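> Need coordinates for the following:
(chains A and B)
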Amino acid sequence: MTDLAIAANGLRKSYGDKTVLDGVDLAVPEGTIFSLLGPNGAGKTTAVKILSTLIRADAGVLRVGGHDLASDPQAVRAAIGVTGQFSAVDGLITGEENMLLMADLHHLPKREGRRVAAELLERFDLTDAAKKPASTYSGGMKRRLDIAMTLVGDPRIIFLDEPTTGLDPRARHNMWQIIRELVSGGVTVFLTTQYLEEADELADRIAVLHDGTIAAEGSADDLKRLIPGGHVRLRFTDPAAYRHAAATLRGVTPDDEALALRIPSDGSQRELRSILDRLDSAGIEADELTVHTPDLDDVFFALTGGAAGIPDQPKETTR
Amino acid sequence: MSSLGLAVRDSATMLRRNLLHARRYPSLTLNLLLTPIMLLLLFVYIFGDTMSAGIGGGGPDRSAYIAFVVPGLLLMTIGSTTIGTAVSVSNDMTEGIIARFRTMAIHRGSVLIGHVVGSVLQAVISVVLVGAVGVAIGFRSHGAGVLEWLAAFGLLVLFATALTWIAVGMGLVSPNAEAASNNAMPLILLPLLSSTFVPLDAMPGWFRPIAEYQPFTPAIETLRGLLLGTGIGHNGWLALAWCLGLAVLGYFWSTSKFNGDPR
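Below you'll find the model as predicted:
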């Protein structure tokens, strides 16, 4: 068993009578990517704020980097780096000045500070923009500067709170690449996201946060195994054909608005053939047929009770 | 590194950051400088002759009034620049970078100390500029030696430090820049209600206590005494007590606000 970079037992936090975190347990081994997944308002950011010493927990035994959060927050701070949801750069000064500010606050000697700043600016493709005020940067550039600043102190544990929210697809893929490189250097990453795809792509372990508790935890595959989400989806354009099919086939879930039917299936060749046979014998001709294997979307919907909480999510992924 | 060494080093870093802000964006400080300079020119050139005749002993020329009004306006300059402190602290707290500082292993107080030292430096520079305008239009000190000048400088720095800590607290409790500038209004209103423009005994009786029992009047009387050789009396101790009281109050208020969980 490797050492835990982050360990939380019974983490609780409430604001007034609103309970945000209601007894959360987390265990993140060193050198892994852990993703806390949940809809807006699930308490992800609160969890990061507490674990990164920004706010205090109401209850719970919390250790980060081997140090107790309550009794030795300064030692925790020396071990971590944080990139919050809202950019933590100083917009009034240039990118380079932001980097040198971090170097000074990490008490690096002048020369080394300059070297580290220049290296990181280069690595994050910000050298050309280094002399411009950070407020003039695009969203993706600000996020890159933000992470570059976080890396100045060479932290062993990095918290990333929704690092790709608001980024365009290219910037998002760049960010994923950056995160993978961090971990290959032995760093532990604690990542929150509302994008299932992102957790699936990056995380070794995923915890789904819902209503202040961990609804499920495991690898992406573990989670997918939890629920029987596989199905074949038939879509019709002719309402009459749709009604005929809905009335004829047994064991299907109709979606009247989309004129679509869901037939449970594990996606295997044998099952597909039997479904096609049933359609043929009933004389049903669907306009579109897609095979849907269980993905984290299904897990997410099943665990968090429907789509209500997560806007901006594609309803399903066609495989 | 020792904790004192850490405090000094981090505070110096934060001070550099604040001075960089002030140098890049000087418009706020310069705007705030306009008020005392405009008032100085207004009272001296428009009302000066009448005021001079009114303050007793002065002939109908404005020189007597210049001498009277400049010390008050120097202290008003401090009140005015500290409004800028409240605004910039409030602005700063809404920035994500402050959250970053809170998660770093740096001296906790350095963020505020950087603001205070930076603001006091700006206040002193502003006082020197307003003082230069005063000298340019005819202000001259009477009988002030090296000691008096040093004491005057010390008083200005101490007064600026006290008001700055209060302004930092005002900035911390204000949700945005507009609220901060409203909350800091007393810092520019109090000198208008003090003995800046007319002596206490020329005020109506009911108003005198308002002018008397506030920090600006004793500080102004002390500065006048130092620069013009008039009597200081108990005002020196009063000014000192006000400064220390406000500085301590502002310090504890600000640090307790800053050390609490961020809003």
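
> so what's the backbone phi/psi at A:V291?
When read as degrees, to the nearest 10, the backbone of A:V291 gives phi -100, psi 130.

> List the contacts of it.
A:V232, A:R233, A:S265, A:G267, A:L272, A:R319 (Cβ atoms under 8 Å, 6 or more residues apart in numbering or on different chains). For every residue, glycine as well, the C-beta is placed using N, CA and C.

> cool, A:L105 as well?
B:D10, B:T13, B:F101, B:M104, B:I106.

> hmm, the one helix or strand the third one maps to touching chain A?
In this case it means B:F101. Take DSSP states H and E as the rule and B:F101 turns out to sit in helix B:96-102. Yes. Contact of helix B:96-102 with chain A (Cβ under 8 Å from any Cβ of the partner chain) involves B:G96, B:I97, B:A99, B:R100, B:F101, B:R102.

> B:F139: what secondary structure?
coil (DSSP: H, G, I helix; E, B strand; the rest coil).

> low pLDDT regions in the stretch 51-200 of chain B?
Scanning the stretch 51-200 of chain B for pLDDT under 70 picks out the ranges B:56-60.

> quick one: what helix or strand has the residue nearest to the spatial centre of chain B in it?
For chain B, the residue lying nearest the average C-alpha position, counting by Cα atoms, centre = their mean, turns out to be B:I78 (2.2 Å). Element membership for B:I78 (DSSP H and E) is helix B:63-93.

> is chain A contacted by that helix?
No. Judged by Cβ under 8 Å from any Cβ, helix B:63-93 stays clear of chain A, getting no closer than 8.9 Å.

> before we move on, the earlier item: list the contacts of the helix holding B:F101.
A:53-54, A:82, A:84, A:86-90, A:105, A:149, B:92, B:111, B:262.

> By neighbours, which of these wins?
Of all the contacts of helix B:96-102, A:M149 has the most neighbours under the rule other Cβ atoms under 10 Å in any protein chain shown, reaching 29 neighbours.

> how near is the nearest residue to it once chain neighbours are set aside to A:G153?
Distances taken as Cβ to Cβ, 6 or more residues apart in numbering or on different chains put A:M102 closest to A:M149, at 4.8 Å, once the chain neighbours are dropped. According to Cβ to Cβ, to the nearest Å, A:M102 and A:G153 sit 7 Å apart.

> The two: who's more crowded?
Between A:M102 and A:G153, A:M102 has the larger neighbour count (other Cβ under 10 Å), namely 26 against 21.

> ok, the more buried one - contacts?
Counting by Cβ under 8 Å, 6+ apart, A:M102 touches A:A117, A:M149, A:V152, A:G153.

> In terms of helices and strands, where is it?
Applying DSSP H and E, one finds A:M102 within helix A:95-105.

> hang on, the earlier thing: from the contacts of A:L105, pick the one nearest chain A.
The shortest gap between chain A and any of the contacts of A:L105 belongs to B:T13, at 4.3 Å (Cβ to the nearest Cβ).

> who in the stretch 101-250 of chain B is up against chain A?
So the stretch 101-250 of chain B meets chain A at B:F101, B:R102, B:T103, B:M104, B:A105, B:I106 (Cβ under 8 Å from any Cβ).
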